[in-house]
Structures are given as C-alpha cells and as structure tokens.
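Student: Just need the structure, nothing else, for what follows:
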Amino acid sequence: MHILYGVPHSFYTSRVRCYLRNHNIDFIERTPAHPGFAESVLPQIRRAIIPVLQTADGQLIQDSVDIIEYFEAAGQSPSAWPQTPLQRVLAVLFEYYGCQVMLKHAMHYRWSFLAEQQDFLRHAFGAGSGSPVAQAEAIMARMQSYLPVLGINPQSIALIEDSWLALLDRLEQLFAGQPYLFGGLPSIADYGLIGAMHAHLGRDPVPLGILQRRAPAVHRWIERMQAPGLDVPEYANAGGWVTDAELLPRLAPLLQQLADEIFPELDDKLAFLRDWISREQPADGQPVSAKPHQRQIGRIDTLFRGVPVTVGVEPYLLYLLQRAADQLAGLPEAERAALLQTLQGYGLARAVQLDMPQRVERRGHLEVWAEPR
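Tutor: Coordinates of the predicted model:
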C-alpha cells in the first residue's frame, strides 16, 4: 500500500489526499513524526518537507505536482487532465492561482485570526508534528513570520478578504450548475484550488464559518473533493467534461479574477528571474537555491490589486507554469495562435508566454536549473 506522509492541515498534502481519495487509490497517511519519515524519507529527500509519497514498491516522490503526475502517467482513469488543449492550459493556470496566489488568502485567514482559533491550530500543529505544546508554538510562530513576504500587510488585508469573498461568490454560481470546475469530473484545476480551500479555509474555524454561511455549494465541493469516488447525487446529469464553448462563459468571471490577481505580481517575478539567471548563469543541474530547504531566492516590490506588497520569488513558479507553456508548444501553429488569442481575451496570455532562458526541473528530489527545450 502507498504511504502518504503529510498532516491534515497541510496545504499541499490536501491536494494529494483529495486526488488519492477521488481516484480510489489505496493509501495510508502518516505524519512526519512517524519513525519511517526519519528512517526512510529524510536520507533521500534531504529536507523536512511534505507531502511525500512512498509508493507500494518503495519509491519516494516529493511534491504534490509530481505525486499526481506519477499516477496520471500510469494511466489513472478517469484522468485529471481535461481533454481539450484550452482546458489543459486553463487547468494549470487555476493550479498556479490556487498554489501561489491563494497563499495570501490561506495564510491570512489562518494567522491573522489567531486569537479566535488558537486552540484549534495548537492541536493541529501539535498532533501533526508529534511535538509538545512548546514546540508546536515555535512552529506556529515561524509560520506567522511568513506573512509579510507573502504580501500580507495592513494595506493588502482588506483586498485579500474582498478577493476571497468574490472567489466564493463566483464559485458558488458555478457549482450551482456543475459539480467540478470543468464539468462532471475533478481536474487539475480542482486539485489546484483545493489545497487552500480545504486545508486552511475549509477547516480553520474563522474562514470555515464564513464559507459555510456564504457559499454552501462551495462547501459541498470541498466535501466532495474529500470523498472517495464521484460524490455528486445532487447533480442529476453530472456527465463528464463539458465543451470549450459551454465552459468559457461559465468560467469567465473566475478567469477575470485570476488575471486581476496573478498580475502584475507574476510579471515582476518573471522579470526578477530573468535578471537573476542572466547575472548568475546557473549551470544545468544546479539547485535553484543555496540550501535544499530554501525556496525563495529574492524579494520584489510589486502590487496586489493596486496595493504595494513585498513578496518572495520562488523558481518553483516556473515548474508550475512550464506545464501550460509545454501544452502550447506541442500544438500546431494555427491552433496555438488561436488558443493564445482566447487567453489574451481574458488577460491571461502572458502567464503562458514565459520566454525564460532556463527551465526548472526536479532531479534527485530537488528543483534544479535546466536548459530550455
């Protein structure tokens, strides 16, 4: 049986757990406090990070993207990748939004309301780490310290909260007519949003209360994403994937929000990375950071919905977005141009036109720089 090392309140573990449950893949879950993590995982992974999957044959896979793709490459049915090129590209953009932009929402609602939910979080961090209260408090304090570098400051907080409420309203409207983002099946897009929407916003007491009162259909989607099989009894004809022509009008309000909140931060991060690569000239296979546990290689001043914020820059963002750029690169020229025109109409084309001098790949469980294809 597969072993998933993670914790219930972990953003990225939630993505994997939802995938395994929805695809009826047998697994057991263990926290990093289990002896097997120190004995089998740390010597190979070389950093204390979750989630990690130990496959039934003993292989270790780290990172939620790689774990999901491990099963997709093995022919998992139904696939989490939708069928059309446009939907596959959009799925990656939803994943980027959920895994990168929504860190603001997730971390704000977890740590800015600590007084109201301290006992819940203390229990989660204590049980998840196998640590006594004092160590749990230390972990919590470290997590709180990340807020400024995620762009969470006194000026941006109101906009982050407005953003989350708007997202709930738009998702509520969508889920009134279909059970998942792209129709009747969960996709890479759903697994992109669920990390923040379940682990933080759908469990922590303060955001959970808001979610249940304001968006009951979204709360049902979160429950559905946690359930084994397709738990869609309230949808009489859930079906499979919907066509591009059907889907785009339904997604239009969400795509506008993605564009408004992905940019200009992504533009500024990509500019920083281009300058960094030009200056440092990293060799093929060189780790993206000086230490295995270090994710950010610099900070930039940018804007979130027009308000100044300071954010860290992670080369990992390329690892996510390259998957959309690769989808485009594999299309005939005319089809690629038409798809880009559609994305441009929603203000999202720049997110897949990376034009980077280097890629980010994973080798030996670490992100490394690599030559462009």
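Student: was I right about residue 261 contacting residue 304?
Tutor: Yes. Using CB atoms under 8 Å, residue 261 is in contact with residue 304, at 7.0 Å. Where C-beta positions appear, they are placed from N, C-alpha and C, glycine not excepted.
Student: wait, residue 182 sits on residue 87?
Tutor: Yes. Residue 182 is within contact range of residue 87, at 5.7 Å (criterion: CB under 8 Å).
Student: which residues do those two both contact?
Tutor: 241, 247 (CB atoms under 8 Å, 6 or more residues apart in numbering).
Student: who's in contact with the helix or strand where residue 69 lies?
Tutor: When elements are assigned from DSSP states H and E, residue 69 belongs to helix 64-73. Contact with helix 64-73 is made by 12-13, 15-16, 19, 23, 25, 51, 53, 55, 61, 79-81, 95, 99, 188, 191, 195, 319-320, 323, 362, as judged by CB under 8 Å, 6+ apart.
Student: got it, and stretch 137-148?
Tutor: Taking CB under 8 Å, 6+ apart as the rule, stretch 137-148 contacts 107-108, 110-112, 114, 121-122, 125, 129, 131, 153, 310.
Student: Stretch 199-212 now?
Tutor: 8-11, 13-14, 105-107, 109-110, 113, 116-117, 120-121, 164-165, 168, 218-219, 222.
Student: Only whichever of those are buried, select them in PyMOL.
Tutor: The PyMOL selection below is limited to those of the contacts of stretch 199-212 classed as buried (16 or more other CB atoms under 10 Å):
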select buried, resi 9+10+11+13+14+105+106+107+109+110+117+120+121+164+168+218+219+222
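Student: so where's the stretch 101-250 of the chain uncertain?
Tutor: 128-134 (pLDDT under 70).
Student: Show the residue spans covered by the helices in the stretch 151-300 of the chain.
Tutor: 157-175, 188-194, 205-214, 216-226, 244-262, 265-280 (DSSP state H, counting those that start in this stretch).
Student: Please produce JSON lines containing those helices, extended by distance to residue 327.
Tutor: What follows is the helices of the stretch 151-300 of the chain, written out as JSON lines (distance: least, CB to CB, whole Å):
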{"stretch": "helix 157-175", "distance to residue 327": "23"}
{"stretch": "helix 188-194", "distance to residue 327": "11"}
{"stretch": "helix 205-214", "distance to residue 327": "32"}
{"stretch": "helix 216-226", "distance to residue 327": "24"}
{"stretch": "helix 244-262", "distance to residue 327": "14"}
{"stretch": "helix 265-280", "distance to residue 327": "18"}
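Student: Tell me which of those is the most buried.
Tutor: With neighbours defined as mean count of other CB atoms under 10 Å, those peak in mean count at helix 188-194, which reaches a mean of 26.
Student: So which elements touch that helix?
Tutor: helix 11-22, helix 64-73, helix 85-96, helix 216-226 (3 or more CB pairs under 8 Å, 6 or more residues apart in numbering; DSSP states H and E).
Student: Which one, of those helices, ends up nearest to residue 298?
Tutor: helix 85-96 (19.3 Å; CB to CB).
Student: Tell me how many other residues surround residue 118.
Tutor: 13 (other CB atoms under 10 Å).
Student: quick one, phi/psi of it?
Tutor: phi -60, psi -40 (degrees, to the nearest 10).
Student: Residue numbering should commence at 869 henceforth.
Tutor: Sounds good: first residue 869 from here, last item residue 986.
Student: Quick check: the gap between it and residue 1079.
Tutor: 20 Å (CB to CB, to the nearest Å).
Student: try residue 969
Tutor: For residue 969, the distance to residue 1079 - CB to CB - is 18 Å.
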